[in-house]
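Visitor: The following block contains a protein sequence and its predicted model.
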Amino acid sequence: MRFDGRTVVVTGASRGLGRAMAQAFAAEGAFVYIGFLRAEAEAAETVKLCGANARALRFDVTRADEVERAFTQVHEARGRVDVLVNNAGCSRDAPAMLVDPAEWREVLAVNLDGAMGCTRAVLARMLHARKGAIVNVASATAVRANPGQAAYAASKGGLLALTRTLAAELSPKGIRVNAVLPGVIDAGMVKRMDRRALEKLESHVPLGRLGQADEVARAVLFLASDEASYIVGAELPVDGGLLL
């Protein structure tokens, strides 16, 4: 029970990777807030899977007023957030010359601006406690070219840069910031990929298979736990060797 009594917020947790993370934290004793925006029924199902120590938390990570309201609610109920997992994300894939400017901004707003906004929302209480852990969910695409994903790659590459800078700023104050880089995981956006494109991508994975959501969740829990107390600014691939 590595997270017994601790408060964890996982954004984008109604399904896929976020749901797996929320369940893993709950199984380790945490009180988990399930961040979501539109998928209310799926968020309710995640809460049910997590058990009594879980609550759904609806807010848009791109809207500062909603982020402030949501985290104020958490702080009033629980005192502070011990672990923040910035997992909310979206992708709008297209060749670079065909990328719609509005979709470009949407992807960066959710994947990068949203992570920064949620981080700022928890920092005051973490700084006061001189303790906390933040895990950003990036992607292998941040460091490995995947044509057709210019916006997604840019947002996740920016998230890695943000992770390193925050880690340097905050670690002297007791707050650890790290990132995981999922590869081809059989969950979330990957489930909506064209099968032929997915098989081609899978063929580049040295382990020869897709990753599972719980494999990413275990890496996130490790980085958020006291077992990783001397790990700061790490970029941990969970990719079956894709980045080798």
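Guide: Now that the structure is in, tell me what you want to look at.

Visitor: What separation is there between residue 200 and residue 194?
Guide: 9 Å (C-beta to C-beta, to the nearest Å). Quick note: C-beta positions are derived from backbone N, CA and C, even for glycine.

Visitor: same check, this time on residue 27
Guide: Taking C-beta to C-beta as the measure, residue 27 falls 34 Å from residue 194.

Visitor: Between these two, tell me which one has more neighbours.
Guide: Legend: neighbour count by other C-beta atoms under 10 Å for residue 27 and residue 194, higher for residue 27 (17 against 8).

Visitor: can you pull the pLDDT of that one?
Guide: Note for residue 27: predicted pLDDT of 98.

Visitor: try residue 228
Guide: 98.

Visitor: Does the closest residue to it other than its chain neighbours lie in a helix or a strand, and which?
Guide: Sequence neighbours aside, residue 222 is the residue nearest to residue 228 in space, at 5.6 Å (criterion: C-beta to C-beta, 6 or more residues apart in numbering). Under the criterion DSSP states H and E, the helix or strand holding residue 222 is helix 213-224.

Visitor: Sort out which residues of the helix or strand where residue 76 lies are buried, please.
Guide: If you go by DSSP H and E, residue 76 is part of helix 64-78. Of the residues in helix 64-78, those buried under the neighbour-count criterion (16 or more other C-beta atoms under 10 Å) are 67, 70, 71, 74, 75, 78.

Visitor: From the residues you listed, pick the one nearest residue 147.
Guide: When the buried residues of helix 64-78 are compared for distance to residue 147 (C-beta to C-beta), residue 67 wins out at 32.9 Å.

Visitor: what residues does stretch 186-196 touch?
Guide: Outside stretch 186-196, the residues that touch it by C-beta atoms under 8 Å, 6 or more residues apart in numbering are 15-17, 20, 89, 91, 184, 198, 201, 210-213.

Visitor: Quick check: residue 232 vs residue 113, distance?
Guide: Relative to residue 113, residue 232 is positioned 23 Å away (criterion: C-beta to C-beta).

Visitor: More neighbours: which of these two?
Guide: Taking neighbours as other C-beta under 10 Å, residue 232 and residue 113 compare with residue 232 leading, 19 against 16.

Visitor: Dump stretch 48-57 to PDB, restricted to CA.
Guide: Output in PDB follows, covering the C-alpha atoms of stretch 48-57 (Å, rounded to 0.1, in the frame of the first residue of the first chain):
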ATOM      1  CA  LYS A  48     -16.800   2.000  -9.600                       C
ATOM      2  CA  LEU A  49     -13.700   0.000 -10.600                       C
ATOM      3  CA  CYS A  50     -11.500   2.000  -8.100                       C
ATOM      4  CA  GLY A  51     -13.900   1.500  -5.200                       C
ATOM      5  CA  ALA A  52     -15.000   3.800  -2.300                       C
ATOM      6  CA  ASN A  53     -11.900   6.000  -2.300                       C
ATOM      7  CA  ALA A  54     -12.400   7.500  -5.700                       C
ATOM      8  CA  ARG A  55     -14.400  10.500  -7.000                       C
ATOM      9  CA  ALA A  56     -15.100  11.800 -10.500                       C
ATOM     10  CA  LEU A  57     -13.800  15.300 -11.200                       C
END
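
Visitor: quick one: the strands in this structure?
Guide: Using DSSP state E, the strands of the chain run over residues 7-10, 31-36, 54-58, 83-86, 132-137, 175-182, 235-238.

Visitor: which helices and strands does the first one pack with?
Guide: Read that as strand 7-10. Counting contacts by 3 or more C-beta pairs under 8 Å, 6 or more residues apart in numbering; DSSP states H and E, strand 7-10 is packed against helix 16-27, strand 31-36, helix 64-78, strand 83-86.

Visitor: Right, I'll call it a day here.
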